[in-house]
Each structure stands twice: as structure tokens, then as C-alpha cells.
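Q: Fold the stuff below for me.
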Amino acid sequence: MPRPHLRKSLAGAALVLGLGAAALAPMQTATSAQVPVPTDGVYDVLGWSWGISPAKAKARLDTEQNKASALEAVKTVADGSFFDASRQLVVNVHSPAEAAVARERGLTPRTVARGEKALTKLQTQVQAMFDRSGSRQLQSIGADLPTDRVQVVLQPGKQSAQTVALVKQLKAIPGVDVSTSSTTLTMTADVIGGQIMDLVPGTNCSLGFPGTTSNGNNVLLSAGHCLEGNPDILNAAGTHLGKGIGSRFRTGQPSVDMGLMDIDSEDVGRGYIDNRNGQTTTVTGSSKAPVGSTICKAGNTTGWTCGTISQYNLTVNYGSPSGAVTRTTGLARSTVCTEGGDSGGAYISGTIAQGMTSGGPSDGHDCGFNQGGNATGSYSFYQPVVDAASYYGVTLTRG
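A: Numbering: from 1, shown residues only. Presented below is the predicted three-dimensional model:
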């Protein structure tokens, strides 16, 4: 499928904060065209890319969400969960009694040595070791639920003496894996056409998820690095949509990649996203779907691409051309393919909002456009929307 006209700026092998890409159908003013009725475009592209009908794609996602809903009933015994290769929802437990509770709800129990809570503590321990060591070669760190281990990824290149000594210590810790990435991390930006969130002054990002605060103010959640400095926001036609009013992203400082935009009073945030294929998908809620769940994102550069959720609570060190390193915590990772220009794009599982694009590798890969689940061979990081909504006190707009 041909790609729209756009301009790329790929800086060698890098992982980017993917500035650019509109994730929502454009916000409309009272004088603009009538808003189209949302349709479930997510199923058409997924069905095509999986080689099944849209109805069967919908059935698969509905099954995932029904099993995810069953987790609520076992949350007192579950110590992490994920979908395995056979699409069973596996629940980590620590006793036969807990396993029985999971089975009663149609879930698959697995007795583990660590589990999500222990992995979180282990991740904190490893991060502290890096901080004390003086090594500057940590790229990312996060728990991997399917393997029940903490994965440490180092920057490519020759290891410093501090890193060599630290790696020796880490490999002696049960439950810790250490590997070296083939790409570096950096922050780049693309200026692209189409449905964009134009930042003034600055570059372009994407519209995220609209919602309301407790006092009824209309706002929009997006990636924090897009709203750093509280820029004015325009759409592709140059119409003023709003202004950034908050960001937890600070270049060169420990950060979280979430931000908030105030929507102008004459504009309306809609409860659906633009699939970039002539259709839209209604937003009916938000969650952190289990690891292994199917997830898709809408972005201006790569359109509608899909994959699965890999990890939560990752810490990623983004670099920049100036050499500043921004430690960004609380990110999720997925197998969804993105490219430079997709930042802020909306991630959704079925009709349940999941997050906004933070970054992905800029190593020359080509996702194509609107390739659904066929856009493989890459990965991306996103900011979970439930964390951003909770922090800013925002209730998402639903369709």
C-alpha cells in the first residue's frame, strides 16, 4: 500500500521520541463539517493482516478482553499476567490455592519464582546499582513477565571499566538478564504533512486522547515531550486547537513522557480515533491490557499498525544530538511498528484506549503504511494512558 507524502529524518541507527503523527480524528469546531459516525475500522485491517475475516478478528479481540476482564476477580492472587502464544491468559501465582482461584475464572495459572511484585523490586535494585556504578551505558531496564526475569539492555559499543564490573555483578543475580542493543537511543523529529498536531514554536506531534478534568475543562492527553515548554497547538489547516498546560518530560532530567493540552472552548474533543484508513474506532474505556494482548496504533507516518504488548514499567534512556540523556520511566513496550513522525499516536486494544507513542527505533526499517499486523520486525514504546489520566485527573471522552 503506498505511503502518503512525508519527509523523514532518520539519524542512523537510533531509537526516537517519535514526534509527529495524528492519532485522533481531527478536533472539530462548531462551524466545521458534520462529525462522521464511528465505525470499527480496527477489525478490517487486523482481519486482513491476519488472513481472517473482520468478524473473526473482532471475535479474537473480544475473547482477549473477556479474559482480561476476568482478571478483576483474581487480582488478589494474581502476581502479573500475560497472553501466551496460544492466546491463553496466564496468571502468575505462588500457591495451589491461588492457582485454583485462577482456574475457576477460566484463566491459566503458572507458579513462578518471582512474579511481578518481586520483579519490580529487583528492577529498582538493578537501577540503583547502575546509579552507584558510574556507568552511563544503560539503555533500558524492565521486567519481562513471560520469562519471569528483569531484562537489562546496554548501549552498543565498547563497555567501560565501570560497565564491565557492573555486568559481572548483574549476571550473578538470579532473575537478571543482560544484553547489548544494536542501536542507540536518541531524540529526533520529523515535520510531516497530513493530520498533525503542529507545535508553535517547535515541530509537529500528534493528537492524543481527549477528556475532561474534574471541573469540566476540555483537555487532551499526549506525549510529554511533545508538550514540553507548553507550545501553542494548531491543526494541519493552521487552526488553533489549544495550548500545552503541563508536561512531565524534561530533556536531560529524569522524566515521565506524559503531558496535557488545554482545548480551546470552540473546539470539541471526540471519543474515537482515526484509523488512517478512512474509518474510525470508538473509544469505550481505558486500561493496561495484559502482556501479550493485541494492540494497534494510529500514526501519521505509518498509519494503522498492530502487534502485541511486550512489557510494562520500563525505564528507557533517550539520548539527543546535544548529548543530553533523558531517563524516562513508566513506559510500556510493544511489537507495534513505528517510525519517526508517529509520536503521540493513539494505541488501542479493540476499543479500549492503551496509550500514546513515546518512541521507537530509527534504524532504517520501513513499516509501510496501514499494514496492520503485517508491519513487523520492529518495536515501540508508549506512555500508558491510564497513568497519564490518573496523574492529571482526566476522564477520557468516550464515543
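Q: Can you show me the helices along this protein?
A: In the chain, the helices defined using DSSP state H lie at 41-50, 54-70, 96-104, 116-133, 161-171, 224-227, 385-392.
Q: In JSON lines: those, plus mean pLDDT, mean neighbour count and distance to Thr284.
A: Using the backbone N, CA and C atoms, a C-beta is placed for each residue, glycine as well. Formatted as JSON lines, the helices of the chain follow (pLDDT from 0 to 100; neighbours: other C-beta atoms under 10 Å; distance: least, C-beta to C-beta, whole Å):
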{"stretch": "helix 41-50", "mean pLDDT": "80", "mean neighbour count": "22", "distance to Thr284": "12"}
{"stretch": "helix 54-70", "mean pLDDT": "90", "mean neighbour count": "17", "distance to Thr284": "10"}
{"stretch": "helix 96-104", "mean pLDDT": "95", "mean neighbour count": "15", "distance to Thr284": "26"}
{"stretch": "helix 116-133", "mean pLDDT": "96", "mean neighbour count": "16", "distance to Thr284": "26"}
{"stretch": "helix 161-171", "mean pLDDT": "96", "mean neighbour count": "15", "distance to Thr284": "42"}
{"stretch": "helix 224-227", "mean pLDDT": "90", "mean neighbour count": "30", "distance to Thr284": "25"}
{"stretch": "helix 385-392", "mean pLDDT": "97", "mean neighbour count": "19", "distance to Thr284": "13"}
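Q: Quick one: those helices as CSV, columns for distance to Asp262 too.
A: Compiled in CSV, those are given as follows (distance: least, C-beta to C-beta, whole Å):
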stretch, distance to Asp262
helix 41-50, 29
helix 54-70, 32
helix 96-104, 44
helix 116-133, 34
helix 161-171, 44
helix 224-227, 10
helix 385-392, 11
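Q: Relative to Ile309, which of those is closest?
A: Nearest of those to Ile309, taken as C-beta to C-beta: helix 54-70 at 10.5 Å.
Q: Mind giving me the packing neighbours of the closest one?
A: Helix 54-70 sits against helix 41-50, strand 89-93, strand 294-299, strand 346-349, with contacts defined as 3 or more C-beta pairs under 8 Å, 6 or more residues apart in numbering; DSSP states H and E.
Q: I'd like the average pLDDT over the shortest one.
A: By that I understand strand 346-349. Across strand 346-349, pLDDT averages out at 93.
Q: neighbouring strands for that strand, and are they parallel or not?
A: strand 294-299 (antiparallel), strand 352-362 (antiparallel) (DSSP bridges).
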